[in-house]
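Build me a structure from this.
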Amino acid sequence: MRKYIKTAFIVSLILSISVSACKDEKKPPVKKEVTEKVKAKKETSKAELKAEPAVAKKKLEPVVEQVPNKYFLILASFQNIENAERLQQKLIKEGYHSEIFKAANGFHRVSYKAFSDRTLAFQELKSARASEENKENWLYIKR
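Presented below is the predicted three-dimensional model:
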């Protein structure tokens, strides 16, 4: 009988150890005192940070990605580069941002406005063509 009790005890011990090892560990509940101590510690560290002299902070400027202009309103096109440059200088004196583009056919296109947004470019073209003197303007889309 003693052997039977001894064997039963060993088997139950092994089973209890194996079952307890497979269970998830439960965290003991946090005592109120501990949470209060942590809060008090955080508050003191915040107070210490406020007490230190303020370091001059740099104001960060937002980074704005410049989108290259892709749409250009063309006023005229010339075979002779000198004529294109002359018109460009006249447009610059009038306050326009003018550029010259060389076309595959050898002509030099003179722009007077540039856009990165397609809808704005077409709106401006429509309003420019509304006047009688700018009926010949057209839109160049740079690829």
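
burial count for residue 108?
Residues near residue 108, counting by other Cβ atoms under 10 Å, number 20. In short, each C-beta sits where N, CA and C put it, glycine included.

could you list every residue that touches the residue lying closest to it once chain neighbours are set aside?
Counting by Cβ to Cβ, 6 or more residues apart in numbering, residue 84 is the residue found nearest to residue 108 once chain neighbours are left out, at 3.8 Å. Counting by Cβ atoms under 8 Å, 6 or more residues apart in numbering, residue 84 touches 76, 77, 78, 100, 108, 109, 110.

Now, of the residues you listed, which are buried?
In terms of neighbour count (16 or more other Cβ atoms under 10 Å), the buried residues within the contacts of residue 84 are 76, 77, 78, 108, 109, 110.

give me the element the second one is part of.
Okay, so that is residue 77. According to DSSP states H and E, residue 77 maps onto strand 71-78.

And for the fifth one?
In this assignment (DSSP H and E), residue 109 forms part of strand 108-115.

What is the helix or strand following that strand packed up against?
Tracing the chain C-terminally past strand 108-115 and defining elements by DSSP H and E, one meets helix 118-129 next. Helix 118-129 sits against strand 71-78, strand 108-115, strand 138-141, with contacts defined as 3 or more Cβ pairs under 8 Å, 6 or more residues apart in numbering; DSSP states H and E.

Please spell out which residues along helix 118-129 are buried.
121, 124, 125, 128.

go on, stretch 73-90?
For stretch 73-90, by 16+ other Cβ under 10 Å, it's 73, 74, 75, 76, 77, 78, 84, 87, 88.

Tabulate those residues (a markdown table), appending pLDDT.
Below are the buried residues of stretch 73-90 laid out as a markdown table (pLDDT from 0 to 100):
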| residue | pLDDT |
| --- | --- |
| 73 | 94 |
| 74 | 96 |
| 75 | 94 |
| 76 | 95 |
| 77 | 95 |
| 78 | 96 |
| 84 | 97 |
| 87 | 96 |
| 88 | 96 |
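
biggest separation within those, which pair?
73 and 78 (16.1 Å; Cβ to Cβ).

about what we covered before: in its sheet, what does the strand holding residue 77 sit against?
For strand 71-78, the paired strands and their directions (DSSP bridges) read strand 108-115 (antiparallel), strand 138-141 (antiparallel).
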